[in-house]
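A.B. asks: Have a look; sequence and predicted model below, questions after that.
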Amino acid sequence: MPVVRLNRRNQIVLPKAAREALGVKPGGRLLVLIEEGSVRLLPEPENWSEWMYGLGAEARASLGGGEAFFREERSSWERQD
């Protein structure tokens with residue numbers, strides 16, 4: 001497992017194995033995800049729409065799907081006299 005050191009400007013050199021695994025080249029951009037005290041690096045998506053497509057599908061399914069959510073939401077709009 002490679003170890004990197006922060007320089008005086010708080011920068012690191014990403015090891016070759018990590019660059020290759022991420023498929024990034026010089027000038028490439030990385031997403032930095034911080035989750036519960038750990039950091040993950042991901043290559044920036046070429047197409048954000050495609051990358052985000054389907055996010056939340058598990059949550060929607062656990063709530064009964066999109067149509068069930070919309071039915072419940074719309075029923076809450078009805079007047080309660």
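C.D. replies: Sure thing, it's come through.
A.B. asks: so the residue nearest in space to the middle of the chain, which of the three states?
C.D. replies: Closest to where the C-alpha atoms of the chain average out (Cα atoms, centre = their mean) is residue 33, at 7.2 Å. With DSSP: H, G, I helix; E, B strand; the rest coil as the basis, residue 33 sits in strand.
A.B. asks: Does it touch residue 42 like I think?
C.D. replies: Yes. Using Cβ atoms under 8 Å, residue 33 makes contact with residue 42 at a distance of 6.6 Å. Every C-beta, even on glycine, is put in place using the N, C-alpha and C of the backbone.
A.B. asks: Can you tell me the number of residues neighbouring residue 30?
C.D. replies: Counted with other Cβ atoms under 10 Å, residues neighbouring residue 30 total 15.
A.B. asks: What helix or strand is the residue nearest to it when sequence neighbours are not counted located in?
C.D. replies: Spatial nearest neighbour of residue 30, excluding adjacent residues (Cβ to Cβ, 6 or more residues apart in numbering): residue 41 at 4.8 Å. Element membership for residue 41 (DSSP states H and E) is strand 38-43.
A.B. asks: Of all the residues in whichever helix or strand comes after that strand, which ones are buried?
C.D. replies: Sequence order places helix 48-52 as the next helix or strand after strand 38-43, per DSSP H and E. Buried residues in helix 48-52, counting neighbours by 16 or more other Cβ atoms under 10 Å, are absent.
A.B. asks: now helix 48-52: mean pLDDT?
C.D. replies: Throughout helix 48-52, pLDDT has a mean value of 85.
A.B. asks: Look up how far residue 74 lies from the residue nearest to the centre of the chain.
C.D. replies: Residue 33 is 35 Å from residue 74, where distance means Cβ to Cβ, to the nearest Å.
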